[in-house]
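**Student:** Okay, here's the prediction I keep looking at, along with the sequence it came from:
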Amino acid sequence: MQTQSPLFNLPREVRDKIYEFYLAFDHDDFEDTLRPQLVYLGDVPYSQPLPSLMLTCKSLYRELSPTVHGETVLRVEVHGWNDRRIGFGIRGALRFDRLEKLYLLIATEHPNWNSWLSFFETVVGRAKNLQALVIDWGPRPVDPVGWTGRVNTKKEDMFFDVIAAIERLQVIKIYGYISSRWTSRLDKIATRAHVVRHRFRWWREPGLD
């Protein structure tokens, strides 16, 4: 495909919409694992094939590169009974130093902080150029009363401390229902980054597509 293709006759904003649809991740694009540190944080970068359209010509490679190399989805999901797994939606090599936008998808009924929070901290710590964070929050609200509530509040504080430490963060988007405690913490982040909140979910679960 060369630049004389009808695709390049379209305005760039229209092409970007086409690319967005083309590059959207599906449920089968994640390689979930119980050992994310081994799979994703090893010496050899984790990788998946590049999109075929990206390999057709240099112009398309240049136009798709910022999204393909600069964005990824980190998903936490439950497989079966209490089998929590972490997976990345990625195309090409997972190079944390190139990431500018990270989607954090928590597709579980409960927060299950211990299964992913420390890994998330490691990921954003390696993504020194991260500018945008999108959080799609699926867990149900946790009552702050009692031991479970106190533990959850502590984990929430740790979570927002990790976010606050992202030096180049410019935008944070939240999808899903969040508690008033989250609202208070997000208000503090809003002093240095643009915060957008949506009550609907970004991710579509199987059967709801």
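**Tutor:** Thanks, I have the structure now.
**Student:** only C-alpha atoms for contact and neighbour calcs from this point on.
**Tutor:** OK.
**Student:** In the longest helix seen in the chain, which residues are buried?
**Tutor:** Longest helix in the chain, counting residues (DSSP state H): helix 146-164. In terms of neighbour count (16 or more other CA atoms under 10 Å), helix 146-164 has its buried residues at 152-153, 155-156, 158-159, 162-164.
**Student:** if you average pLDDT over that helix, what comes out?
**Tutor:** The average pLDDT within helix 146-164 is 94.
**Student:** again with stretch 87-107
**Tutor:** Per-residue scores along stretch 87-107 average to 94.
**Student:** how long is it from one end to the other?
**Tutor:** 11 Å (CA to CA, to the nearest Å).
**Student:** Distance from the chain centre to it, please.
**Tutor:** Stretch 87-107 sits 6 Å away from the centroid of its parent chain (CA atoms, centre = their mean, to the nearest Å).
**Student:** for stretch 131-141, same thing?
**Tutor:** 8 Å.
**Student:** Okay, buried residues for it please.
**Tutor:** 131-139.
**Student:** tell me which residues of stretch 108-115 are tucked away?
**Tutor:** Buried residues in stretch 108-115 (16+ other CA under 10 Å): 108, 111-112.
**Student:** where in the protein is pLDDT low?
**Tutor:** For the chain, the stretches with pLDDT under 70 are 1-4, 79-82, 204-209.
**Student:** if you set the cut-off to 50 instead, what comes out?
**Tutor:** Residues of the chain meeting the criterion pLDDT under 50: 206-209.
**Student:** ok, back up a step: closest to S65 among the buried residues of helix 146-164?
**Tutor:** Nearest to S65 among the buried residues of helix 146-164: I163, at 25.8 Å, using CA to CA.
**Student:** who's in contact with the residue most central in space within the chain?
**Tutor:** Residue closest to the mean C-alpha point of the chain, counted by CA atoms, centre = their mean, is Y103 at 1.4 Å. Taking CA atoms under 8 Å, 6 or more residues apart in numbering, we find Y103 in contact with 71-74, 133-136.
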